[in-house]
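Trainee: heads up, no residue letters with this:
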């Protein structure tokens, strides 16, 4: 029991450190991407926290298997460097016992990865897409950046010079709206000194209320223009047609994917069920790869191990795409990839045990 706690603690602590670094890199890249879109006016900065939180299960689903793989390599490599495993073998710890100790923490990691891939990642992806579509479908004063021309769908482009001190009123508002493709449909340009947004609770409709301004309508090909001076003018804000389908396979629950039976749905189902299995396969591969000579250093096999993981993940994604495109039968699916790397791990274990753990 003492040996189990010691080895498990070493593996999990190393895995946590690696996972923290990888998660910081991945989330940092996605945060920069979202921050750029927020600067362009696609959605307000206030929703960035929610978007990153909804993406967290998907990040954990990809980061944890790699972190566990590297955690075993680094932790056991250090034990080989310090000759601790040599002492364990001399005290009667067999390779089978060491493998048993390795697979027990892999069960904990596989359960966590399975919870992310089967339940949390689809739920978070759905919430993330709903937030993005909601922000894109409405013209909200909170996403307007002063000094920028921003497109809000339906041929509308808005510009404001700034906000009032209380942040409720927009100043120097400019709105351009394309009339349509026909030559007889006018294009409208509206300018107002101030503006704000109103919402009708009964209907849920949103309106942009402009005050003290002018509205011009120009028809292409004509030399005349319509002019309207107003004290108060209301523009109804419609819903953008540029919406992503929320019934895609990546947003559906795992049970609905199984009931669907479509190739794309089954490909997504096999991916979700195969990610926890990948944790066990990587654990089998990592243990024999972690055996290093003290003169080599514990990083000697780190680069080949990373290439092996990249090959595993690339083949798995290629198989998922092939199943989704119906070029690979669903009955075969992604399981040959898992089976091939499982055979590789068992072969490495057999070779390591045959040579002995010196």
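Mentor: Happy to help now that I have it. What you see is a predicted model, and the numbers here were worked out from it, not measured in a lab.
Trainee: where does residue 291 land on pLDDT?
Mentor: Residue 291 carries a pLDDT value of 77.
Trainee: separation between it and residue 350?
Mentor: As for residue 291, its distance to residue 350 is 13 Å (criterion: C-beta to C-beta, to the nearest Å). (Glycine included, C-beta is placed from N, CA and C.)
Trainee: In the stretch 101-250 of the chain, where is pLDDT below threshold?
Mentor: Along the stretch 101-250 of the chain, the parts satisfying pLDDT under 70 run over 135-144, 152-154, 179-184, 200-205, 237-247.
Trainee: just the strands in it please.
Mentor: For the stretch 101-250 of the chain, the strands defined by DSSP state E, counting those that start in this stretch cover 150-151, 156-159, 162-163, 170-177, 187-199, 206-218, 225-237.
Trainee: Dump these to JSON lines, plus distance to residue 67 and mean neighbour count.
Mentor: Output for those, formatted as JSON lines (distance: least, C-beta to C-beta, whole Å; neighbours: other C-beta atoms under 10 Å):
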{"stretch": "strand 150-151", "distance to residue 67": "40", "mean neighbour count": "15"}
{"stretch": "strand 156-159", "distance to residue 67": "45", "mean neighbour count": "18"}
{"stretch": "strand 162-163", "distance to residue 67": "44", "mean neighbour count": "13"}
{"stretch": "strand 170-177", "distance to residue 67": "47", "mean neighbour count": "19"}
{"stretch": "strand 187-199", "distance to residue 67": "45", "mean neighbour count": "17"}
{"stretch": "strand 206-218", "distance to residue 67": "45", "mean neighbour count": "17"}
{"stretch": "strand 225-237", "distance to residue 67": "45", "mean neighbour count": "13"}
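Trainee: Among those, single out whichever gets nearest to residue 287.
Mentor: Nearest to residue 287 among the strands of the stretch 101-250 of the chain is strand 150-151 (54.8 Å), distances taken as C-beta to C-beta.
Trainee: Can you list the helices and strands that the closest one packs against?
Mentor: strand 156-159 (3 or more C-beta pairs under 8 Å, 6 or more residues apart in numbering; DSSP states H and E).
Trainee: so how far is the strand it packs on from its chain's centroid?
Mentor: Centroid displacement of strand 156-159 relative to its chain, using C-alpha atoms, centre = their mean, to the nearest Å, is 30 Å.
Trainee: Distance to residue 275 added to the strands of the stretch 101-250 of the chain, as CSV?
Mentor: Converted to CSV, the strands of the stretch 101-250 of the chain look like this (distance: least, C-beta to C-beta, whole Å):
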stretch, distance to residue 275
strand 150-151, 38
strand 156-159, 42
strand 162-163, 46
strand 170-177, 47
strand 187-199, 42
strand 206-218, 41
strand 225-237, 41
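Trainee: of all these, which lies closest to residue 337?
Mentor: Nearest of the strands of the stretch 101-250 of the chain to residue 337, taken as C-beta to C-beta: strand 150-151 at 43.0 Å.
Trainee: Quick check: can you name the pairing partners of that closest one and their directions?
Mentor: With DSSP bridges as the test, strand 150-151 is paired with strand 156-159 (antiparallel).
Trainee: one step back: of the strands of the stretch 101-250 of the chain, which approaches residue 279 most closely?
Mentor: strand 150-151 (44.2 Å).
Trainee: pretty sure residue 195 is touching residue 207, no?
Mentor: No. If you go by C-beta atoms under 8 Å, residue 195 and residue 207 don't touch, sitting 10.4 Å apart.
Trainee: Which one of residue 291 and residue 350 is surrounded by more residues?
Mentor: residue 291 (17 against 12; other C-beta atoms under 10 Å).
Trainee: Can you classify the more buried one by secondary structure?
Mentor: coil (DSSP: H, G, I helix; E, B strand; the rest coil).
Trainee: Let me see the mean pLDDT of the helix or strand harbouring residue 89.
Mentor: Here residue 89, judged by DSSP states H and E, is contained in helix 84-90. Averaging pLDDT along helix 84-90 yields 74.
Trainee: other SSEs contacting it?
Mentor: By 3+ C-beta pairs under 8 Å, 6+ apart, helix 84-90 packs against helix 48-81.
Trainee: For the helix it packs on, buried residues please.
Mentor: Residues 51, 54-55, 57-81 are the ones in helix 48-81 that count as buried (16 or more other C-beta atoms under 10 Å).
Trainee: Can you tell me which helices and strands it packs against?
Mentor: Helix 48-81 packs on helix 2-39, helix 84-90, helix 95-115, helix 121-136, helix 263-289, helix 302-324, going by 3+ C-beta pairs under 8 Å, 6+ apart.
Trainee: Not including adjacent chain positions, what is the nearest residue to residue 106?
Mentor: residue 283 (4.0 Å; C-beta to C-beta, 6 or more residues apart in numbering).
Trainee: now swap in residue 254 and tell me
Mentor: Computed as C-beta to C-beta, 6+ apart, the closest residue to residue 254 that is not its neighbour in sequence is residue 118, at 4.9 Å.
Trainee: residues touching the one you found, list them.
Mentor: Residue 118 makes contact with 254, 272-273, according to C-beta atoms under 8 Å, 6 or more residues apart in numbering.
Trainee: Nearest to residue 301 among the strands of the stretch 101-250 of the chain would be which one?
Mentor: With C-beta to C-beta, the closest approach to residue 301 among those belongs to strand 150-151: 51.8 Å.
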